[in-house]
Every structure is written in structure tokens, then in C-alpha cells.
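Student: Pasted the sequence and its predicted model underneath.
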Amino acid sequence: MAQQAIGEQVGVTRRRKPDLAAALSLLPGLGQVYNLQLRKAIFFFLATLLTIGPSVLLIMAGESFGHHLLANRDFGAFLLVAFGSIIVFLVLFLLGLTFWASAIVDARRSARELSEGRPGTQRWWLLKL
């Protein structure tokens, strides 16, 4: 009888709430921590941080550099730097938002799979809807 109780405990699935996992992922990776998927949590947090962070810093640093170029009346260089920094900003920022959205979708899906007794998937890449 005691062995049957232990066997039932081993077969118990980890109940996770998909909506809570998705809500926690508003901070990228926190939904994966809730699902006990720590490697995925670190990946999503760092991927989001290392794309959105530099994009914001690029715009902030580019502003002062742009003012310097304008003060020196170097309009051609200003336009090239402005256009280039906007392109790099958009690429990094949109990639960061994609990682962030992927973290939300993955946390919700993994929580649903864990609640159904299936092992959480090891999908890592961008919005496999």
C-alpha cells in the first residue's frame, strides 16, 4: 500500500497554469523559471537583454554624436550615421521583441504540456506557432 502511494506520487504531473506562465514572461524568462526550465529561462532573458539593451544604448549614444556632427556642419556624415544607426536600432529592437514574444509563447505552451503530463518541449527558436 505504501509503495502504491509512492508510485502515484511519481506519476503525478506538475500542474502549471499556462496563463500565469505567460503573464510571468512579461519579464523574459520568468515563465520558464515557473515551468522549471532554467536553461531556457537564461537563454530568453539574455537574448532579450542583449538585443533590446544595445539598441536603446545605440540611440542614446547616437544622439550626442549626431549633435556633434551637426555642430560641425558635417551634414553628409550626419545623414549616414543617422540612417545607419536607425537601421541597426530597428534590427536589434525587433529581434529583441521577437525573443520576448517567443518567451511568452514558449512559457504558455510548455506549461500546457507539463500540465497534460507531457515533457516540456525543448523548442528554443523564434515563435514556432
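Tutor: Looks like it arrived, so ask away.
Student: got a pLDDT number for T13?
Tutor: Note on T13: pLDDT of 57.
Student: what does G62 give?
Tutor: At G62, pLDDT is 79.
Student: Next up, the contacts around it.
Tutor: Applying C-beta atoms under 8 Å, 6 or more residues apart in numbering to G62 gives the contacts V81, A82, S85. Any C-beta I mention is one placed from the backbone N, CA and C, and that applies to glycine too.
Student: Equivalent analysis for L27, please.
Tutor: Neighbours of L27 in contact, by C-beta under 8 Å, 6+ apart: F45.
Student: now with 6 Å?
Tutor: If a contact means C-beta atoms under 6 Å, 6 or more residues apart in numbering, then L27 has no contacts.
Student: Regarding it, what is its secondary structure?
Tutor: coil (DSSP: H, G, I helix; E, B strand; the rest coil).
Student: Give me the distance between it and D74.
Tutor: In this structure, L27 and D74 are 42 Å apart, going by C-beta to C-beta, to the nearest Å.
Student: just S25 next, same as before
Tutor: In terms of C-beta to C-beta, S25 sits 44 Å off from D74.
Student: Could you do L30 as well?
Tutor: According to C-beta to C-beta, L30 and D74 sit 45 Å apart.
Student: Which one's more surrounded, these two?
Tutor: Neighbour comparison, L30 and D74: the larger count goes to L30, with 18 against 13 (by other C-beta atoms under 10 Å).
Student: out of everything not next to it in sequence, what's closest to the more buried one?
Tutor: Excluding the flanking residues, the one nearest L30 by C-beta to C-beta, 6 or more residues apart in numbering is L24, at 4.3 Å.
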